[in-house]
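J.: The sequence and its predicted three-dimensional model are supplied below.
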Amino acid sequence: MLPNERLKRICDLVNEKGSVRVTELSRLLNVSEVTVRRDLELLARDNRLQRTHGGAFSVQPVGDEITAPELIRSHRNVAEKRLIAQAAYDMINDRDTLFMDGSSTVNELAKLIAREDRKRLYVITPSLSTVSALADCASVSVIMVGGEVNYRMGHVEGTLAVESIRNMRADKCFIGINGIDQSFGFSFPRLIEIDLKCGMMQASRRSIVLADHTKFGRVYMARLNRDCDDVVTDTRMRDYDYGWLTERCTVHFADEREQRMN
């Protein structure tokens, strides 16, 4: 592979996965780690990716809005989302009241709730997909948040939805997020959804963020101006320093939990 072809391939992989490690690129491209690091430095200087100690993140403009339809979003990183959902499910107790937002990872949790044996749950959600997933679950009572329906994103949103949340309380809330950054904290590309997520967190005894590893190191326009109690992610990235985050909340690595159980 010619150098320019290799650089393009690295960019494609980083943008596709959100983040990649030097060791992974070395294996996929069949070149040395020294070569990969040199290529990453070149690409970082051209602002085509964001360099980290152990790899690289994609460069995402902070104002970019996630406009992919809900059906497309639900098919991304499915294995990671299901792993996270299983770990999150173990945080739920019988008789809990839960806020669940419209993110695709939280929807995987809803599907798991429908299949498993937690009893007498109350789920409050703006998500059409979550309502559908729990339709035949006799042990779960579902409250649909009122508001303006966004069919493309698969949920309701807007002022009415935020006001509905403010008038309720829950034991736990589960929300998805798009960016987790040491300097900026939790962030999301759509301003209209931030108030709803913040409202769920404020109205819950325990707030839990579900985010796969590709969300770390990313920054988006709208900051979630609240700290959460827990973050559940799929795996611990090598060479990423989680110290700043563990000072603010408890971080759960779903694959490590699965290994302990096996």
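T.: Sure, I can see it. Please read all numbers here as calculations on a predicted model, not as lab measurements.
J.: any idea which helix or strand carries Ser207?
T.: Assigned by DSSP states H and E, Ser207 belongs to strand 204-210.
J.: Which SSE is immediately downstream of that strand?
T.: strand 222-223.
J.: Which secondary structure elements does that next one sit against?
T.: Applying 3 or more C-beta pairs under 8 Å, 6 or more residues apart in numbering; DSSP states H and E, one finds that strand 222-223 contacts strand 185-188, helix 191-202. All C-beta atoms are positioned from the backbone trio N, CA, C, and that covers glycine.
J.: which non-adjacent residue is nearest the residue nearest the centre of the chain?
T.: Taking C-alpha atoms, centre = their mean, the centroid of the chain lies closest to Ala211, which sits 2.7 Å from it. Computed as C-beta to C-beta, 6 or more residues apart in numbering, the closest residue to Ala211 that is not its neighbour in sequence is Ile177, at 5.1 Å.
J.: can you tell me which residues contact that neighbour?
T.: Ser103, Phe186, Ser187, Phe188, Lys197, Val209, Leu210, Ala211, Lys215, Leu224 (C-beta atoms under 8 Å, 6 or more residues apart in numbering).
J.: Surely the first one is in contact with Arg190?
T.: Think Ser103. No - with contact defined as C-beta atoms under 8 Å, Ser103 does not reach Arg190; the gap is 11.3 Å.
J.: low-confidence ranges in the stretch 1-150 of the chain?
T.: 59-76 (pLDDT under 70).
J.: Spell out the residue ranges of the helices in it.
T.: 3-17, 22-29, 33-45, 70-73, 78-89, 104-115, 128-133 (DSSP state H, counting those that start in this stretch).
J.: List the buried residues for stretch 127-142?
T.: By 16 or more other C-beta atoms under 10 Å, the buried positions in stretch 127-142 come out as Ser127, Leu128, Ser129, Thr130, Val131, Ala133, Leu134, Cys137, Val140, Val142.
J.: er, stretch 208-227 actually
T.: For stretch 208-227, by 16+ other C-beta under 10 Å, it's 208-224.
J.: so what's Met237 scoring on pLDDT?
T.: Here, the pLDDT recorded for Met237 equals 84.
J.: ok, now the one 3 residues further on?
T.: The predicted structure scores Tyr240 at 83 on the pLDDT scale.
J.: Kindly provide the distance from it to Gly18.
T.: 13 Å (C-beta to C-beta, to the nearest Å).
J.: Then Tyr242?
T.: Distance of Tyr242 to Gly18, given as C-beta to C-beta: 17 Å.
J.: More neighbours: which of the two?
T.: Neighbour totals were compared for Tyr242 and Gly18, and Gly18 leads with 19 against 16 (other C-beta atoms under 10 Å).
J.: how about the nearest residue to the more buried one, chain neighbours excluded?
T.: Nearest to Gly18 is Thr214, by C-beta to C-beta, 6+ apart, at 2.9 Å.
J.: which residues does the nearest residue to Glu33 once chain neighbours are set aside contact?
T.: Setting aside the residues directly before and after it, Glu33 is nearest to Ser26 in space (C-beta to C-beta, 6+ apart), at 4.7 Å. Contacts of Ser26 were listed using C-beta under 8 Å, 6+ apart, and they are Ser32, Glu33, Thr35, Val36.
J.: do Val142 as well
T.: Val142 neighbours (C-beta under 8 Å, 6+ apart): Tyr122, Val123, Ile124, Thr125, Thr130, Val131, Leu134.
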